[in-house]
Structure formats: C-alpha cells, structure tokens
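K.L.:
Predicted model follows, preceded by the sequence.
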Amino acid sequence: MTERYTIITALLISALAPVAVAQGPRIDDIAPSLSAVESISKPGLDAAALTREPGPTAPPRAPREAAQDAQKQYGGRVLSVRLIKDKYRVKLLKDGEVRVVQVPAR
C-alpha cells in the first residue's frame, strides 16, 4: 500500500516540477541591464571598466619558498608548511621549542 502512495507522489512531483520552474522569476527581472549600470556609474568610469575581468594577480609562492624565508628570518628546522587563506603557516623547531610563523602567500 505504501509503495503505491510513493509512486503516486513521485508522479505528482515530477508532473508539477516544470510548472513551478516556469513560474519563477526570470534573470532579466532580477539583474540590472548594462544600460542601468551605465547610468549609475561614477564620472570617469565607463561601462567597460565595470564589466572588465580583474587583472592577473601575482602567482602564489611555493611552500618551499615560504619555508626558506621563515628559516632565514627565524632559523631552526622546518617541521611543516600549511596554506591558510592568503598566508603560509610555517612551524619551526629551534632550541627545543616549536615556533609558528606566518609568511604571506604572494
């Protein structure tokens, strides 16, 4: 009996799903057009500047480079290097103490 209800429910959901999607908001209603962006832009900025892809950023440095920089600055033996957000977390062992230093990733 429950198998019959499961099949009926699945058929109803699959039959009604396209109707719900078709009635949803359209992207044209939500996103402003390019002409609207041009009209609100600041003086000196053109629409091309607002829609342009961002320029290339500096490539991230290798973990080995971050470890070498930390070792030069603080000395000791490198235990580990982990990338956390935009910084490398370098663990160093020096004089029996573990030190954790952060080195920029770029």
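P.N.:
Cool, got the structure.

K.L.:
Now stretch 69-89: average pLDDT?
P.N.:
Averaged over stretch 69-89, pLDDT sits at 94.

K.L.:
Quick check: buried residues in that stretch?
P.N.:
Neighbour-count burial for stretch 69-89 flags 69-71, 76, 78, 81, 88-89 (criterion: 16 or more other C-beta atoms under 10 Å). Using the backbone N, CA and C atoms, a C-beta is placed for each residue, glycine as well.

K.L.:
separation between the closest residue to residue 78 other than its chain neighbours and residue 100?
P.N.:
Nearest in space to residue 78, with sequence neighbours left out and distances taken as C-beta to C-beta, 6 or more residues apart in numbering, is residue 67 at 4.5 Å. Distance of residue 67 to residue 100, given as C-beta to C-beta, to the nearest Å: 13 Å.
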